[in-house]
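# Sharing a sequence plus its predicted fold:
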Amino acid sequence: MGKDYYDVLGITKSATEDDIKKAYRKQALRYHPDKNKSPEAEDKFKEIAEAYDILSDPKKKDVYDRFGEEGLKGGGGQTGAGGPGTFNYTFQGDPHAVFAEFFGGRNPFDQLFGNRNGGFHEEMNQEDPFARFGMAGGGLGGLPRSFSSGMGGMGGMGGGTSLTKRQDPPVVHDLQVTLEEVFSGCVKKMKISHQRLNPDRRSWRTQEKILEVEIKKGWKEGTKITFPKEGDETPTNIPADVVFVLKDRPHPVFRRDGADIIYPAKVSLRDALCGCTLRAPTLDGRTVTLTTSDIVRPGMKRRITGEGLPLAKSPGLRGDLVVEFEVKFPESLSASARGTISQVLPPS
């Protein structure tokens, strides 16, 4: 009977040239000795290479289709009209060379399948390693751009273009800071966990790292601090930048407006009408005295110059402390108080 090379590749005799290429790709990746550690993998890998060498060559394939393995290898004794004549085929090639030539001189395992265990990814379909890229059966239809741009030589269909790596999108984290930290500046230590490649450039490990974020005086909410390429590293990507975005932590007393600090001061109706003196706190723990003899209306503001936050671009200068008055009205009034007020205050 001889060997059935179609069966070796898992295809039928009606397979097209493209079907043969797809089948070789699938079987060669499945049984490559670097990835398949079973005892029969080396022999199977060689048999697959021989099958592809025969079926991908129109002349060899024609002789094999008509006369089988024995006729192809000169053992059938058939000569003359319709016979193989002196055709005598022996596979003397290196299956690894066939593999390298098929993939354009590159090792696809290095570019596509590196992982922390040095073998197939845990989620990879070992029957068809390309399935997770939408390439079941070896098709290229669903391959992401970052992979497809570097695979011109796959399937013997192009040259040895190198894989184009693309950088992953930034990894963004909010970083909450207090107004006191913005006032004085500080350094915050942020612990991250990211993946880094091992020396073999195929597998990787999880690594923890401390990033020191310097918060400068007066930095505004929304300021971004970028640590280049501190994201996860794999054989096929450029690590993402890690970005911290400043967010103001709610303050129990103040709120900020740019470089100004807003202090809501509650005063009684009597103080609002008759004048008052109040002591306003500052971010550095002091108090400043503010006296007003004017009638205080709800929402009225008074500025205390230079008691706000440092200016980000000129840390020697500061914004203002803005006192925003809130008038507390009494819950109730006695009859005598009502009478007194009605006599003192003019009618509307």
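Alright, I've got the coordinates.

# can you give me the helices in this structure?
Assigned by DSSP state H, the helices in the chain fall at 5-9, 17-31, 41-55, 58-72, 95-102, 108-112, 145-148, 179-184, 269-274, 335-344.

# Worst mean pLDDT among these?
Per-stretch mean pLDDT for the helices of the chain is lowest at helix 145-148 (a mean of 34).

# quick one: contacts for I20?
Taking C-beta atoms under 8 Å, 6 or more residues apart in numbering, we find I20 in contact with 9, 11, 52, 55-56. Any C-beta I mention is one placed from the backbone N, CA and C, and that applies to glycine too.

# cool, N36 as well?
Contact analysis of N36 by C-beta under 8 Å, 6+ apart lists 30, 45.

# pLDDT at it, what is it?
Per-residue pLDDT puts N36 at 86.

# of the helices of the chain, which approaches S203 most closely?
Smallest distance to S203 across the helices of the chain (C-beta to C-beta): 11.2 Å, for helix 108-112.

# Within its local environment, how many residues does G285 see?
Neighbourhood size, G285 [other C-beta atoms under 10 Å]: 7.

# Throw the helices of the chain into CSV and include distance to T234, thanks.
As requested, those are exported to CSV (distance: least, C-beta to C-beta, whole Å):
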stretch, distance to T234
helix 5-9, 31
helix 17-31, 19
helix 41-55, 26
helix 58-72, 40
helix 95-102, 23
helix 108-112, 10
helix 145-148, 11
helix 179-184, 36
helix 269-274, 65
helix 335-344, 76
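
# Nearest to T164 among those helices would be which one?
When the helices of the chain are compared (using C-beta to C-beta), the closest one is helix 145-148, at 6.6 Å.

# coming back round to it: which of the contacts of I20 lies closest to L197?
Checking those against L197 by C-beta to C-beta gives Y52 as the nearest, at 32.2 Å.

# Settle this for me: that closest one is touching F99, isn't it.
No - using C-beta atoms under 8 Å, Y52 makes no contact with F99, being 9.4 Å away.

# Pull up the distance across stretch 264-274, start to finish.
With C-alpha to C-alpha, to the nearest Å as the measure, stretch 264-274 spans 19 Å from end to end.

# my guess is K224 contacts V245, does it?
Yes - between K224 and V245 a contact is recorded at 5.5 Å, counting by C-beta under 8 Å.

# so which two of the contacts of I20 are the farthest from each other?
Among the contacts of I20, I11 and S56 lie farthest apart (C-beta to C-beta), at 11.8 Å.

# who's more crowded, the two?
The residue with more neighbours, out of I11 and S56, is I11; 20 against 16, by other C-beta under 10 Å.

# Could you list which residues are in contact with that one?
I11 is in contact with 19-20, 23, counting by C-beta under 8 Å, 6+ apart.

# and those residues as TSV, adding distance to P95?
Converted to TSV, the contacts of I11 look like this (distance: C-beta to C-beta, whole Å):
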residue	distance to P95
D19	20
I20	16
A23	15
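
# Show me where the stretch 51-200 of the chain dips below the pLDDT cut-off.
Under the criterion pLDDT under 70, the flagged ranges of the stretch 51-200 of the chain are 75-87, 104-163.

# which residues in the stretch 151-300 of the chain form strands?
For the stretch 151-300 of the chain, the strands defined by DSSP state E, counting those that start in this stretch occupy 166-167, 171-177, 186-197, 204-215, 224-227, 237-238, 242-248, 255-257, 260-268, 276-281, 287-292.

# Which of those strands sits closest to E326?
Closest to E326 of the strands of the stretch 151-300 of the chain, according to C-beta to C-beta: strand 260-268, at 4.7 Å.

# for that closest one, packing partners?
With contacts taken as 3 or more C-beta pairs under 8 Å, 6 or more residues apart in numbering; DSSP states H and E, strand 260-268 sits against strand 255-257, strand 276-281, strand 321-328.

# how about 7 Å then?
Packing partners of strand 260-268 (3 or more C-beta pairs under 7 Å, 6 or more residues apart in numbering; DSSP states H and E): strand 276-281, strand 321-328.

# angle of the longest one against strand 260-268?
Computed by axes from the mean of the first three to the mean of the last three C-alpha atoms, to 10 degrees, the angle separating strand 321-328 from strand 260-268 equals 30 degrees.

# Run through the neighbouring helices and strands of strand 321-328.
Right, strand 321-328 is packed against strand 260-268, helix 269-274, strand 301-304 by 3+ C-beta pairs under 7 Å, 6+ apart.

# before we move on, back to that, the more surrounded of Y52 and F99?
Of the pair Y52 and F99, Y52 is the one with more neighbours under other C-beta under 10 Å, namely 25 against 21.

# From what I see, V213 and H173 are in contact.
No - V213 is beyond contact range of H173, at 9.9 Å (criterion: C-beta atoms under 7 Å).

# and T277, how many neighbours?
Per other C-beta under 10 Å, the neighbour tally for T277 reads 10.

# where's K217 relative to P310, distance?
For K217, the distance to P310 equals 4 Å [C-beta to C-beta, to the nearest Å].

# I should have written G285 there, sorry.
For G285, the distance to P310 - C-beta to C-beta - is 16 Å.
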